[in-house]
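Trainee: I'll drop the sequence and a predicted model, then ask my questions.
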Amino acid sequence: QKEVEQNSGPLSVPEGAIASLNCTYSDRGSQSFFWYRQYSGKSPELIMFIYSNGDKEDGRFTAQLNKASQYVSLLIRDSQPSDSATYLCAVNESGGAQKLVFGQGTRLTINP
Amino acid sequence: DTEVTQTPKHLVMGMTNKKSLKCEQHMGHRAMYWYKQKAKKPPELMFVYSYEKLSINESVPSRFSPECPNSSLLNLHLHALQPEDSALYLCASSQDPDRGRSGNQPQHFGDGTRLSIL
């Protein structure tokens, strides 16, 4: 069973601080890693994807990947109340199929 | 608003009704997906179409019937649904599945159809 694990939270972070979201995965053959943000009652919105070990930055967001440790994380700098949402980690299933395995999601709350 | 358009946004139907969900994208994507999402759970994959051919059916009951008329459109036909089928149904699309990279291209989701079965 291929699994993606996330801490379900809630994770509370003060406004302006760095929010750190973590994800581990079991499929060593996975090549593609995605972070989605989902507001309550809305659909998932892609915010970052990463394929190579190391860091990838986009504005206030940084994705970090360590394939040896099977670990991917998302950092949100200068957190804003509008960042309050559930963050879903998704990892491709190896073997060539177009399948993503989602974690359960981490609920993030930014406190003003 | 997203570049993947789903209609209707809300649907209420009885267990004996037949209805269809529609999804459209004009990004030139060649893979399209149907997901089901229950409250406080991640999306669950139902079907994948790659180059207009069904490539994955995640053992979905036959009361759900997908159709891909062309590379831009994806339908989900519903018949004789059960109350437990009430959920948010999400369509997603991604670029050329065979574009020179192992792994997956990012999937982009539509706003979803919120389905209630009476």
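Mentor: Noted; the coordinates are in hand.

Trainee: which residues sit in contact with residue 90?
Mentor: Went with chain A since none was named. Neighbouring residues of A:A90 by C-beta atoms under 8 Å, 6 or more residues apart in numbering or on different chains: A:4, A:33-36, A:100-103. Just so you know, the C-beta spots here come from the backbone N, C-alpha and C atoms, and that holds for glycine as well.

Trainee: can you look at chain B instead?
Mentor: B:L90 sits in contact with A:43-44, B:6, B:34-37, B:43, B:109-110, B:112, where contact means C-beta under 8 Å, 6+ apart.

Trainee: can you do 6 Å?
Mentor: When contacts are counted by C-beta atoms under 6 Å, 6 or more residues apart in numbering or on different chains, B:L90 touches A:43, B:35, B:37, B:43, B:109, B:112.

Trainee: also B:P43?
Mentor: Residues in contact with B:P43, defined by C-beta under 6 Å, 6+ apart, are B:35, B:37, B:90.

Trainee: so which of the residues you listed is the closest to chain A?
Mentor: When the contacts of B:P43 are ranked by distance to chain A (C-beta to the nearest C-beta), B:L90 comes first, at 5.7 Å.

Trainee: element containing the closest one?
Mentor: B:L90 is part of strand B:87-94, with elements assigned from DSSP states H and E.

Trainee: for that strand, which strands pair with it and how are they oriented?
Mentor: Paired with strand B:87-94 in the same sheet, following DSSP bridges, are strand B:31-37 (antiparallel), strand B:108-109 (antiparallel), strand B:113-117 (antiparallel).

Trainee: Throw those into TSV and include distance to B:K22, mean pLDDT and mean neighbour count, thanks.
Mentor: As requested, the strands paired with strand B:87-94 are exported to TSV (distance: least, C-beta to C-beta, whole Å; pLDDT from 0 to 100; neighbours: other C-beta atoms under 10 Å in any protein chain shown):
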stretch	distance to B:K22	mean pLDDT	mean neighbour count
strand B:31-37	11	97	24
strand B:108-109	15	96	22
strand B:113-117	9	97	18
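
Trainee: Throw those strands into JSON lines and include distance to A:V13, thanks.
Mentor: Shown next, in JSON lines, are these (distance: least, C-beta to C-beta, whole Å):
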{"stretch": "strand B:31-37", "distance to A:V13": "25"}
{"stretch": "strand B:108-109", "distance to A:V13": "25"}
{"stretch": "strand B:113-117", "distance to A:V13": "30"}
